[in-house]
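S.K.: I would like to see how this sequence folds:
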Amino acid sequence: MYFKSSHLHHPHTVWCLRHINHLTFLILLGLAECKEYTLRYKREHFAEEKLRYALKIIKPIRNETNKEDLKYWKDPPQCMPFFYKSKEVHKSYREYIIYEKSYYAQWNKCTPAPLWMMQGLEELTRPDNIKSVPDDFQWSK
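M.R.: Here you go, the predicted model:
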(Lines give C-alpha, C1' and ligand atoms only; values in the text may rest on other atoms or scores of the structure.)
Protein backbone atom coordinates (compact mmCIF):
# COMPACT_ATOMS: atom_id res chain seq x y z
CA MET A 1 0.00 0.00 0.00
CA TYR A 2 2.92 2.35 0.59
CA PHE A 3 5.42 3.87 -1.82
CA LYS A 4 8.90 5.21 -1.39
CA SER A 5 8.85 8.97 -0.78
CA SER A 6 9.70 11.20 -3.71
CA HIS A 7 9.42 14.88 -4.60
CA LEU A 8 9.27 15.81 -0.91
CA HIS A 9 10.37 19.40 -1.52
CA HIS A 10 8.47 20.02 -4.74
CA PRO A 11 6.36 23.21 -4.40
CA HIS A 12 3.12 21.27 -4.93
CA THR A 13 4.03 18.76 -2.21
CA VAL A 14 4.82 21.56 0.23
CA TRP A 15 1.57 23.36 -0.70
CA CYS A 16 -0.50 20.21 -0.31
CA LEU A 17 0.86 19.51 3.17
CA ARG A 18 0.22 23.03 4.48
CA HIS A 19 -3.54 22.65 4.86
CA ILE A 20 -6.17 19.91 4.88
CA ASN A 21 -8.12 21.76 2.14
CA HIS A 22 -5.16 21.57 -0.23
CA LEU A 23 -4.69 17.87 0.45
CA THR A 24 -8.41 17.21 -0.02
CA PHE A 25 -8.38 19.11 -3.30
CA LEU A 26 -5.48 17.05 -4.66
CA ILE A 27 -7.04 13.75 -3.59
CA LEU A 28 -10.33 14.69 -5.28
CA LEU A 29 -8.43 15.82 -8.39
CA GLY A 30 -6.60 12.51 -8.45
CA LEU A 31 -9.89 10.61 -8.15
CA ALA A 32 -11.35 12.63 -11.03
CA GLU A 33 -8.31 11.74 -13.13
CA CYS A 34 -8.77 8.07 -12.18
CA LYS A 35 -12.41 8.27 -13.29
CA GLU A 36 -11.25 9.66 -16.65
CA TYR A 37 -8.67 6.86 -16.89
CA THR A 38 -11.36 4.23 -16.26
CA LEU A 39 -13.63 5.81 -18.84
CA ARG A 40 -10.88 5.76 -21.45
CA TYR A 41 -9.17 2.45 -20.75
CA LYS A 42 -11.97 0.39 -19.15
CA ARG A 43 -9.85 -0.48 -16.11
CA GLU A 44 -9.05 1.04 -12.75
CA HIS A 45 -5.83 3.03 -12.33
CA PHE A 46 -3.53 1.56 -9.68
CA ALA A 47 -3.66 4.79 -7.65
CA GLU A 48 -7.46 4.89 -7.33
CA GLU A 49 -7.68 2.51 -4.37
CA LYS A 50 -4.95 4.43 -2.55
CA LEU A 51 -6.67 7.78 -3.18
CA ARG A 52 -10.00 6.43 -1.91
CA TYR A 53 -8.21 5.18 1.21
CA ALA A 54 -6.53 8.57 1.72
CA LEU A 55 -9.90 10.33 1.42
CA LYS A 56 -11.34 7.95 4.02
CA ILE A 57 -8.48 8.75 6.39
CA ILE A 58 -8.77 12.53 6.13
CA LYS A 59 -12.57 12.63 6.43
CA PRO A 60 -12.56 12.45 10.26
CA ILE A 61 -9.83 15.10 10.36
CA ARG A 62 -11.97 17.40 8.20
CA ASN A 63 -14.99 16.74 10.45
CA GLU A 64 -12.99 17.86 13.50
CA THR A 65 -11.63 20.96 11.77
CA ASN A 66 -13.09 24.34 12.67
CA LYS A 67 -15.67 25.45 10.07
CA GLU A 68 -13.91 28.81 9.62
CA ASP A 69 -10.64 27.00 9.01
CA LEU A 70 -12.26 24.94 6.24
CA LYS A 71 -12.76 28.19 4.28
CA TYR A 72 -8.96 28.59 4.03
CA TRP A 73 -7.50 28.38 0.55
CA LYS A 74 -4.24 29.49 -0.97
CA ASP A 75 -3.75 28.98 -4.70
CA PRO A 76 -1.27 26.27 -5.64
CA PRO A 77 2.20 27.29 -6.78
CA GLN A 78 2.65 27.85 -10.48
CA CYS A 79 5.43 25.45 -11.49
CA MET A 80 6.04 26.72 -15.01
CA PRO A 81 8.18 29.28 -16.87
CA PHE A 82 7.60 32.77 -15.47
CA PHE A 83 6.06 34.20 -18.64
CA TYR A 84 2.98 31.95 -18.22
CA LYS A 85 2.38 32.97 -14.62
CA SER A 86 -0.49 35.28 -13.71
CA LYS A 87 -2.83 36.00 -10.81
CA GLU A 88 -5.33 33.46 -12.19
CA VAL A 89 -3.72 30.07 -11.62
CA HIS A 90 -6.12 28.05 -13.77
CA LYS A 91 -5.60 30.38 -16.75
CA SER A 92 -1.83 30.19 -16.31
CA TYR A 93 -1.91 26.39 -16.33
CA ARG A 94 -4.25 26.30 -19.30
CA GLU A 95 -1.95 28.56 -21.31
CA TYR A 96 1.10 26.56 -20.24
CA ILE A 97 -0.57 23.30 -21.26
CA ILE A 98 -1.67 24.69 -24.62
CA TYR A 99 1.74 26.14 -25.54
CA GLU A 100 4.08 23.63 -23.90
CA LYS A 101 2.25 20.36 -23.30
CA SER A 102 -0.45 20.01 -25.95
CA TYR A 103 1.59 17.34 -27.74
CA TYR A 104 0.58 14.75 -25.13
CA ALA A 105 -3.14 15.61 -25.03
CA GLN A 106 -5.38 12.95 -26.53
CA TRP A 107 -9.15 12.66 -26.68
CA ASN A 108 -11.50 10.06 -28.03
CA LYS A 109 -15.24 9.49 -28.37
CA CYS A 110 -15.60 9.00 -24.61
CA THR A 111 -13.96 12.28 -23.69
CA PRO A 112 -14.07 15.22 -26.08
CA ALA A 113 -11.43 17.92 -25.75
CA PRO A 114 -12.43 20.75 -23.43
CA LEU A 115 -13.51 23.96 -25.12
CA TRP A 116 -10.61 25.94 -23.59
CA MET A 117 -8.13 23.53 -25.19
CA MET A 118 -9.73 23.66 -28.63
CA GLN A 119 -9.89 27.47 -28.54
CA GLY A 120 -6.30 27.64 -27.32
CA LEU A 121 -5.00 25.34 -30.04
CA GLU A 122 -6.88 27.35 -32.65
CA GLU A 123 -5.32 30.53 -31.31
CA LEU A 124 -1.90 28.87 -31.16
CA THR A 125 -1.96 28.11 -34.87
CA ARG A 126 -2.72 31.71 -35.85
CA PRO A 127 0.53 33.13 -37.33
CA ASP A 128 0.00 36.54 -35.70
CA ASN A 129 -0.14 35.02 -32.22
CA ILE A 130 3.09 33.10 -31.76
CA LYS A 131 4.24 33.26 -28.14
CA SER A 132 7.96 33.69 -27.80
CA VAL A 133 10.47 33.83 -25.01
CA PRO A 134 11.08 37.44 -23.89
CA ASP A 135 14.31 39.03 -25.16
CA ASP A 136 15.66 39.51 -21.65
CA PHE A 137 15.06 35.89 -20.60
CA GLN A 138 18.10 34.22 -18.99
CA TRP A 139 18.27 30.43 -19.19
CA SER A 140 19.28 29.03 -15.81
CA LYS A 141 22.32 26.79 -15.63
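S.K.: tell me the mean pLDDT over the helix or strand where residue 35 lies?
M.R.: Following DSSP states H and E, one finds residue 35 within helix 20-41. Helix 20-41 comes out with an average pLDDT of 93.
S.K.: buried stuff in it?
M.R.: By neighbour count on 16 or more other C-beta atoms under 10 Å, the buried set for helix 20-41 is 20-24, 26-27, 30-31, 34, 37. C-betas here are computed from N, CA, C, even on glycine.
S.K.: please apply the same query to stretch 110-118.
M.R.: For stretch 110-118, by 16+ other C-beta under 10 Å, it's residue 117.
S.K.: over to stretch 43-62?
M.R.: Under 16+ other C-beta under 10 Å, the buried positions of stretch 43-62 are 45, 48, 50-51, 54-55.
S.K.: repeat that for stretch 82-92.
M.R.: Buried residues in stretch 82-92, counted by 16+ other C-beta under 10 Å: 84-85, 92.
S.K.: what's the end-to-end length of it?
M.R.: For stretch 82-92, the first-to-last residue distance is 10 Å (C-alpha to C-alpha, to the nearest Å).
S.K.: do the same with stretch 5-25
M.R.: The straight-line separation of the ends of stretch 5-25 (C-alpha to C-alpha) is 20 Å.
S.K.: now, which of the buried residues of stretch 82-92 sits nearest residue 16?
M.R.: Taking C-beta to C-beta as the measure, residue 16 lies nearest residue 92 of the buried residues of stretch 82-92, at 18.2 Å.
S.K.: and the closest one, what's its pLDDT?
M.R.: Model confidence at residue 92, given as pLDDT, is 95.
S.K.: next one: residue 129
M.R.: Per-residue confidence (pLDDT) for residue 129: 64.
S.K.: could you do residue 105 as well?
M.R.: 84.
S.K.: repeat for the one 3 residues further on
M.R.: We note a pLDDT of 77 for residue 108 in this prediction.
S.K.: my read: residue 97 touches residue 104, true?
M.R.: No - in this structure residue 97 lies outside contact range of residue 104 using C-beta atoms under 8 Å: 9.2 Å.
S.K.: looking at those two, which one has more neighbours?
M.R.: Set residue 97 next to residue 104 and count neighbours by other C-beta atoms under 10 Å: residue 97 wins out with 17 against 6.
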